[in-house]
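**Q** My questions concern the predicted model and sequence given below.
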Amino acid sequence: MRMKTRLIHGGIDGDEHTGAVSVPIYQVSTYKQEAVGKHKGYEYSRTGNPTRHALETYMAELEGGARGLAFGSGMAALSTILSLCQKGDHLVVGHDVYGGTYRVITRVFTRLGLEATYVDTTDLEAVKEAIQPNTKLMILESPTNPLLAVTDIAAVASIAKENKVLLVVDNTFMTPYWQNPLDLGADIVFHSATKYLGGHSDVVAGVAITKDAELGEELHFYQNAIGGILGPQDSWLLLRGAKTLGIRMEEHERNTARLAEWLSEQPSISKVNYPGLPSHPGHELMKKQARGFGGMISFDVGSASRADEVLAKVKYFTLAESLGAVESLISIPARMTHASIPAERRAQLGITDGLIRISVGIEDVEDLIEDLEQALR
């Protein structure tokens, strides 16, 4: 079954009891038992809910995993994954990750006894050197947020396996339509499903998928114990939104490729970050490990004041947190998504005050270009 067909027919298809084409919303908290411990597969909706189960089954199939789990947000998914660790365990984390990932590790989990080393995961030797005897997890993004650096996932997975370390990949930017990290050797893949999987700026959610069923069962224990689960209404919204993921991702990419080419020709812009550009250092690697280049782009206009001028003038780009929606969203990572990262660290990474990040929507790309042109002018 090809991916576009799987998006429509994957997982649990409809409702066998009524013939409903769409999986129903089971807005229920508890379930009648015939006797103690004798039930129809569900006891309590924190542990399992039929609508959420349909979503989790669907996501596992899309990512090629054994077990899918749905959470109240991407950060709830990541925090539950981090709960696999014990006090004294060590993490290797990509140095260019989403600000919320950096924040929850440095300000919550290190306080609870975890250690973390941040490393450029595109540098395989640096990855090897960062591993310690107590390393439990490696966490990376590819492409990264917001600089769009590309990591060789298969190579890092090989290093992780040699050292008995679990590899966790944030696949939010690429989605299972373009990239499947589990097929490249990762142990866990997770998404902020708020973004492309939902696609319409109407749901906050997270999903995690494990390659191994036993690891999936362990993660489910922590999901149930901690309780950061996704409700049935939002589970249904994700099931609905993901059915159009293929056509949306293709349109996102077409628009982004055209916009990246145009931005690269503008003399007022010093750098354009998009793996789809042949000049991008990760271009060939992306062609090898993914089926597309995605819909995210960042570029530097030189200063915070210049960036503010652009943001004040655009008409079709919505200034907002988040990404992956049908509408184009624009932001300043240094003051928005990555504001929790210290200024000196942002400077080291290249997240400048003049860096603008765009999640390119599915509007007419010529309108988007004309809008940016007048804003830059």
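**A** Yep, that arrived.
**Q** Quick one: find the helix or strand in the protein with the lowest mean pLDDT.
**A** None of the helices or strands of the chain scores lower by mean pLDDT, DSSP states H and E than helix 343-349, at a mean of 87.
**Q** what about dumping the CA coordinates of that helix to CSV?
**A** C-alpha atoms of helix 343-349 as CSV (Å, rounded to 0.1, in the frame of the first residue of the first chain):
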residue,chain,number,x,y,z
ALA,A,343,21.3,34.5,24.1
GLU,A,344,25.0,33.5,24.1
ARG,A,345,24.0,29.9,23.1
ARG,A,346,21.7,31.2,20.3
ALA,A,347,24.6,33.3,19.0
GLN,A,348,26.9,30.2,19.0
LEU,A,349,24.4,28.3,17.0
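**Q** Around Ser79, how many other residues sit close by?
**A** Using other Cβ atoms under 10 Å, Ser79 is surrounded by 19 other residues. To be clear about C-beta, it is placed using only N, CA and C from the backbone, and glycine gets the same treatment.
**Q** If you could redo that for Gly354, that was the one I meant.
**A** As a burial measure, Gly354 scores 20 neighbours (other Cβ under 10 Å).
**Q** Wait, it touches Arg306, no?
**A** Yes - Gly354 is within contact range of Arg306, at 5.9 Å (criterion: Cβ atoms under 8 Å).
**Q** shared neighbours of these two, anything?
**A** By Cβ atoms under 8 Å, 6 or more residues apart in numbering, Gly354 and Arg306 have no common neighbours.
**Q** How about the contacts made by the residue lying closest to Phe190 once chain neighbours are set aside?
**A** Ranked by Cβ to Cβ, 6 or more residues apart in numbering and with sequence neighbours excluded, the top spatial neighbour of Phe190 is Ala208, at 4.2 Å. Each residue near Ala208 by Cβ under 8 Å, 6+ apart is listed here: 68-69, 71, 77, 80-81, 188-191, 219.
**Q** let's see it at 10 Å
**A** Counting by Cβ atoms under 10 Å, 6 or more residues apart in numbering, Ala208 touches 56, 59-60, 63, 65, 67-71, 74, 76-78, 80-81, 168, 188-191, 193, 216, 219-220, 223.
**Q** Look up phi and psi at Thr263.
**A** For the record, residue 263 is Leu, not Thr. Here is the backbone geometry of Leu263 (degrees, to the nearest 10): phi -60, psi -40.
**Q** From Leu376, how far off is it?
**A** Between Leu263 and Leu376 the computed distance is 9 Å (Cβ to Cβ, to the nearest Å).
**Q** now swap in Pro267 and tell me
**A** To Leu376, Pro267 is 10 Å away according to Cβ to Cβ.
**Q** Over to Gly94?
**A** 31 Å.
**Q** Settle it for me: which of the two has more neighbours?
**A** The neighbour count for Gly94 versus Leu376, taken as other Cβ under 10 Å, is higher for Gly94 (26 against 17).
**Q** which residue is nearest the middle of the chain?
**A** Thr172 (1.8 Å; Cα atoms, centre = their mean).
**Q** What distance do you get for Thr194 to His200?
**A** 10 Å.
**Q** Now do the shared contacts for these two.
**A** Shared contacts of Thr194 and His200 (Cβ under 10 Å, 6+ apart): 324-325.
**Q** Please report phi then psi for the residue nearest to Phe190.
**A** phi -130, psi 140.
**Q** bridging residues for it?
**A** As for beta bridges, Ala208 partners with Leu69, Phe190 under DSSP bridges.
**Q** Could you pull out the strands in this protein for me?
**A** Applying DSSP state E to the chain gives strands spanning 67-71, 90-94, 115-119, 135-141, 166-170, 188-192, 206-210, 271-273, 296-300, 318-319, 329-331, 355-359.
**Q** hang on, the earlier thing: what's the overlap in contacts for Leu263 and Leu376?
**A** Ile269.
**Q** can you give me the helices for the stretch 251-377 of the chain?
**A** Assigned by DSSP state H, counting those that start in this stretch, the helices in the stretch 251-377 of the chain fall at 283-289, 304-313, 343-349, 365-376.
**Q** Make CSV out of the ones you listed and add distance to Val104.
**A** As requested, the helices of the stretch 251-377 of the chain are exported to CSV (distance: least, Cβ to Cβ, whole Å):
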stretch, distance to Val104
helix 283-289, 27
helix 304-313, 26
helix 343-349, 16
helix 365-376, 33
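**Q** closest to His90 out of the ones you listed?
**A** Of all those, helix 343-349 sits nearest to His90, with 19.5 Å by Cβ to Cβ.
**Q** in that closest one, what counts as buried?
**A** 346, 349 (16 or more other Cβ atoms under 10 Å).
**Q** Stretch 146-154 too?
**A** Across stretch 146-154, burial judged by 16+ other Cβ under 10 Å covers 146-153.
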